[in-house]
Structure formats: structure tokens, C-alpha cells
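Chemist: Mind looking at a prediction? Sequence and model below.
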There are 2 protein chains.
Amino acid sequence: MSKRAFAGVVRIEYPAWVDDVVDWARTYATDADRMRVAIAVARANVEQGTGGPFGAAIFERASGKLTAVGMNAVVRLHNSTLHAEMMAFMMAEQRVGSYTLHAEGRPEHELHTSCEPCAMCLGATLWSGVRRLVTGAAREDASRIDFDEGPVFAESYRYLEDRGIEIARNVLRDEARAVLELYRTSGGTIYNG
Amino acid sequence: MSKRAFAGVVRIEYPAWVDDVVDWARTYATDADRMRVAIAVARANVEQGTGGPFGAAIFERASGKLTAVGMNAVVRLHNSTLHAEMMAFMMAEQRVGSYTLHAEGRPEHELHTSCEPCAMCLGATLWSGVRRLVTGAAREDASRIDFDEGPVFAESYRYLEDRGIEIARNVLRDEARAVLELYRTSGGTIYNG
């Protein structure tokens, strides 16, 4: 067989600013506390020019410990799959050393995302093992700045709920939407419009 | 701020057998030629014990050149997002150096996948920029061995078609299904059942 003309290695890492924005040591008690992490990451991503206006964070449900964050890195890392939620899942699973965040005898996890997930990320939510999904800005807030969410329907959410995933929406929606507006006014790339 | 307790680096790479199974130099003229690559990768993944029974391959539409392959790596790399299609998108985009396979002035691409995509991968298909999606085994073939495809509906496919993505199904379906059966009889992990 012939040799490959490319390395076949994809390396995904956080931008340098992440530890300036995220306090990894504290615990986050309330939904608002947790959503603020996702929104802060989204905002920093825009302000630092490292990606689209989306952030996500995964917590242990009971303890409120932060497991991982994620931020949109599509343009930065030349990778259309790297929405904020996807990076958060990958980083959290790497940290716990498992392909599932719902392993027997381990703490349950929940995802906070600064905007309602696209079709890819909603599917990924199911496979990640998180037991709760909390969203900030709404799908229509994203479409207003021309980000498409793809084939997500009311029954898509029901599909997750039927499999035991709790869903809470519109947590700090105004703060989350403000980051989308900031991205629009700062002239950010709409890479999937 | 406090230090992170984990590296925050995810590294995705092919299993060692990939160059023994894939001929990178030849061109693939027909749908059957192209689908055979996806199925061969799926089969090798099962036989080598490196993951679930799913393979994918991305080609330049006109020339039939192979851009990248992908294989399920969920268990191998502790990463629930690494379905075959996702790895193929990431590797192809890394190879072309862009977050889209539909860049101005560049060749169009198409995805061949050994099984109908789950909700995550169908959404990712839209964002990847491939202009055509070709599938082998059907959703019900995967459910028969207890793999869930998630919230994918008839209107999910229409959503992609409305955005100009051509879809062709059941290409070498029997050969593709045989790999699913091989996985079942060899006692492979059903990690999202």
C-alpha cells in the first residue's frame, strides 16, 4: 500500500487565555454560577479573537466541581466539529479517562452551554453521558446573527428527555445573547452561515 | 486563578493498521469503489479490535482522490465524539488546512460512510462542507445490534438536501451490514446502547 501524504494526527488544545478566565478550583453551586463560566469562556473567545461566540462547561452535578470547559475553535484549529460543547465533552472525557461521563460509581455530570446546541452537539450530548443540559441563549438568538443550528426539532429534545437527560433553558439568556451581539458588532466570521 | 489539574490536550490519531488497509494513491471512480474503502476500514477496526464497526471515507468528488478516512475510536481514545464520520471530517480538514471542505476554488468533496449517520454525525456533515453523503448499512441495521442513532428524522435528511447536499443510500448495504454482524458475533462493546 502507498504512504499517506499527511500525518493523520489532530491535536486539540485550549487557547492560552483559558486559565486567566476560568477558576478551576472553586465549586459552582447554582445554575447561574455554572452558566456564568460558559458565558465567560464564550466572551473571552470573542474578545481574544480565538473563535466564535460560544462557550460550554461541564460540572459534577452534586459537588459543583468544574470538570472541563470548551470554546468554539472551528477557525482556530481548522476543524468544523470543534463547537464549544464538543471540545468540552472531549476534554472532560480525557480528564476522567473514559468515553462516558456516566460511568458506574462515578459522579454524574451536566453540561452548561452559552447557546442552545446545534444538531451535532445535541447528538453528542446524548453520547457523552451528561445527565442534564442547561442552555443560555436560544436558537433564534444565534440565527439572528446568521449561525445555523441545523436539523434540531422539538422531538430532538424529547428524544434526549426520554433517555433521562434533564433539560433547562434560558438560564442567563440576556448575558449569553450579549456575547452573540458582541461577536456581530466586532465583525466575527460566520463560518457556517 | 488556579491551575488546571489536567493537560487540556486531546490527540487524535489513526490506529497503526490504517496504511495496511487503505490505498492512498489510487483513485476511486465509482460509488461502489468508494464505499468499499469505508467498509474495509470498518471491518479492519473490528478485526483489529480498535473500535466499533463503523468506517468512513472522504473523496474529491470529481477526481475520486481519497482525502481521508475515519473509523470509530470511541473506546480506543476515550472520546464519545469519535465516530467514524467525525474522525474523517477532522482528518480531511486537517489535510486541506481549512475548517471547510467546500472552500472557494477547491475541489468538492463527498462522504461515504459504512452506516447511516447518527444525529451528531449528520449535523457534522452539514458543517463539514461535503456536498454529497453516501451511506451503506441502514439505521435499522445498526439498531439490530443495539447501536442507537439518536434524534435523526426524515426531515433531518431533508434539511441537508435543502442546503444542497446530495444523499444516496444503501450502497453495498449487505457488505456493510456484514461488518455489523461480525461485531455482534465477536462480542464487541455496545458503548451507547
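Modeler: Yep, that arrived.
Chemist: Now stretch A:178-191: buried residues?
Modeler: Across stretch A:178-191, burial judged by 16 or more other CB atoms under 10 Å in any protein chain shown covers A:Ala178, A:Val179, A:Leu180, A:Leu182, A:Tyr183, A:Arg184, A:Gly188, A:Tyr191. All C-beta atoms are positioned from the backbone trio N, CA, C, and that covers glycine.
Chemist: Enumerate every residue touching A:Val75.
Modeler: Contact analysis of A:Val75 by CB atoms under 8 Å, 6 or more residues apart in numbering or on different chains lists A:Gly51, A:Gly52, A:Thr189, A:Tyr191, B:Tyr99.
Chemist: what does A:Arg95 give?
Modeler: A:Thr67, A:Ala68, B:Ala5, B:Phe6.
Chemist: ditto for A:Gln94
Modeler: The contact partners of A:Gln94, by CB under 8 Å, 6+ apart, come to A:Ala68, B:Phe6, B:Ala7, B:Val9, B:Val10, B:His78, B:Asn79.
Chemist: Repeat that for A:Arg169.
Modeler: By CB under 8 Å, 6+ apart, the contact set of A:Arg169 is A:Glu116, A:Val134, A:Thr135, A:Ala138.
Chemist: The first one contacts A:Ala142, doesn't it?
Modeler: Think A:Glu116. Yes. At 7.2 Å, A:Glu116 counts as touching A:Ala142 under the criterion of CB atoms under 8 Å.
Chemist: Just want the most central residue of chain A.
Modeler: Centroid check for chain A by CA atoms, centre = their mean gives A:Glu85 as the closest residue, at 2.4 Å.
Chemist: Could you confirm A:Ile12 falls within a strand?
Modeler: Yes. Under DSSP: H, G, I helix; E, B strand; the rest coil, A:Ile12 sits within a strand.
Chemist: Now do the same contact list for it.
Modeler: Taking CB under 8 Å, 6+ apart as the contact definition, A:Ile12 lies against A:Ala73, A:Leu77, A:Asn79, A:Leu82, A:Met87, A:Met90, B:Val9, B:Val10, B:Arg11, B:Ile12.
Chemist: Ok, A:Ala44 next?
Modeler: Counted by CB under 8 Å, 6+ apart, A:Ala44 has contacts A:Trp17, A:Val18, A:Asp20, A:Val21, A:Thr50, A:Gly55, A:Met71.
Chemist: Specify which member of these is nearest to chain B.
Modeler: Ranked by distance to chain B (CB to the nearest CB), the contacts of A:Ala44 are led by A:Asp20 at 6.1 Å.
Chemist: follow-up on the earlier one: which pair in the contacts of A:Arg169 has the greatest spatial separation?
Modeler: Largest separation among those by CB to CB: A:Val134 and A:Ala138, giving 12.9 Å.
Chemist: So for those two, which residue has more residues nearby?
Modeler: A:Val134 (22 against 17; other CB atoms under 10 Å in any protein chain shown).
Chemist: List the beta-bridge partners for the more buried one.
Modeler: Under DSSP bridges, the beta-bridge partners of A:Val134 are A:His112, A:Ala168.
Chemist: how about the helices in chain A?
Modeler: Here chain A has its helices, by DSSP state H, at A:18-21, A:31-47, A:84-96, A:119-128, A:139-144, A:154-162, A:173-185.
Chemist: and stretch A:58-77, how far apart are its ends?
Modeler: Start and end residues of stretch A:58-77 are separated by 21 Å (CA to CA, to the nearest Å).
Chemist: Dump stretch A:103-119 to PDB, restricted to CA.
Modeler: Below are the C-alpha coordinates for stretch A:103-119, written out as PDB (Å, rounded to 0.1, in the frame of the first residue of the first chain):
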ATOM      1  CA  ALA A 103     -19.700   5.700  34.400                       C
ATOM      2  CA  GLU A 104     -20.900   3.300  37.100                       C
ATOM      3  CA  GLY A 105     -19.800   4.500  40.600                       C
ATOM      4  CA  ARG A 106     -18.600   7.900  39.300                       C
ATOM      5  CA  PRO A 107     -20.300  11.300  39.800                       C
ATOM      6  CA  GLU A 108     -23.000  12.400  37.400                       C
ATOM      7  CA  HIS A 109     -22.200  15.400  35.100                       C
ATOM      8  CA  GLU A 110     -24.100  18.200  33.500                       C
ATOM      9  CA  LEU A 111     -23.400  20.500  30.500                       C
ATOM     10  CA  HIS A 112     -23.900  24.200  30.600                       C
ATOM     11  CA  THR A 113     -23.700  25.800  27.200                       C
ATOM     12  CA  SER A 114     -24.000  29.500  26.300                       C
ATOM     13  CA  CYS A 115     -26.400  28.800  23.400                       C
ATOM     14  CA  GLU A 116     -28.800  26.000  22.500                       C
ATOM     15  CA  PRO A 117     -26.800  23.300  20.800                       C
ATOM     16  CA  CYS A 118     -26.800  22.600  17.100                       C
ATOM     17  CA  ALA A 119     -27.800  19.200  15.700                       C
END
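Chemist: So which bits of that stretch are buried?
Modeler: Neighbour counts over stretch A:103-119 (16+ other CB under 10 Å) mark A:Glu108, A:His109, A:Glu110, A:Leu111, A:His112, A:Thr113, A:Ser114, A:Cys115, A:Glu116, A:Pro117, A:Cys118, A:Ala119 as buried.
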